[in-house]
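Chemist: could you work out the structure for the sequence below:
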Amino acid sequence: MEKKGSKPMELLNQLVSEPYYLLHFLAFFSYFVVRSSASSILSPPITQLLFYREIQAVLAFLVLITVKFVREETWEAFISDTLFFGKLFLIAITLIMDYHLTLWYIVGFSVIYVLSQQPPCSELGTSSKLTPLQLETLLTEGNTSRFWLVGCSGVLNFQNLFSVI
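Modeler: Numbering: from 1, shown residues only. Here you go, the predicted structure:
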């Protein structure tokens, strides 16, 4: 019973204590400060266009997040995709206001990427080394052979080797 109650608190603690999530949170919510201060400077037609684009971005964001929520296997991948889509939509919306602001957000997200790492997945799977016989058995299971995957990979790697030389 305690594990059920502590799981959301652990996730909330991780969202607040990890610099990766905290810096993204601050960057995303800084848009509201910028938007409120810029609304008096922008002309009414641009403000109206910006409002419509914000509504469209939020709806598109919600649709993409819903699709990703259904398809993703882990919470870490879902949160990573959510942050990525949020960055794209934020940059697209700031292009309507001013390209200087867009460049500042790009620089800000680049600094976040350089200074902080995304926390590792807590539910990592296990891996095991395969012998060549185990690999052959794995690739030939079922009605069809999957040797072409290994063959294509080998040919592409071989061609890349000669393109470097």
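Chemist: low-confidence ranges in this structure?
Modeler: Residue ranges of the chain with pLDDT under 70: 1-6, 11, 15, 72-73, 120-128, 130, 139, 142-165.
Chemist: tell me how far residue 70 lies from residue 76.
Modeler: Here residue 70 is placed at a distance of 16 Å from residue 76 (Cβ to Cβ, to the nearest Å). Backbone N, C-alpha and C define where each C-beta goes, glycine included.
Chemist: over to residue 113?
Modeler: Going from residue 113 to residue 76 by Cβ to Cβ gives 16 Å.
Chemist: quick check: most distant residue from the centroid of the chain.
Modeler: residue 133 (37.6 Å; Cα atoms, centre = their mean).
Chemist: any idea how the protein splits into domains?
Modeler: Per automatic domain parsing, the structural domains of the chain span 7-115, 132-164.
Chemist: for those domains, which one ends up most surrounded?
Modeler: Of all the domains of the chain, domain 7-115 carries the top mean neighbour count, a mean of 14, counting by mean count of other Cβ atoms under 10 Å.
Chemist: could you work out the end-to-end span of that one for me?
Modeler: 28 Å (Cα to Cα, to the nearest Å).
Chemist: got it, and stretch 27-46?
Modeler: Using Cα to Cα, the end-to-end distance of stretch 27-46 comes to 23 Å.
Chemist: residues in contact with it?
Modeler: Contacting residues not belonging to stretch 27-46 are listed as 47, 50, 86, 90, 93-94, 96-98, 101, 105, 108-109, 112 [Cβ atoms under 8 Å, 6 or more residues apart in numbering].
Chemist: ok, which stretches of this structure are helices?
Modeler: With DSSP state H as the criterion, the chain has helices at 2-17, 19-38, 44-71, 75-97, 99-115, 132-139, 147-164.
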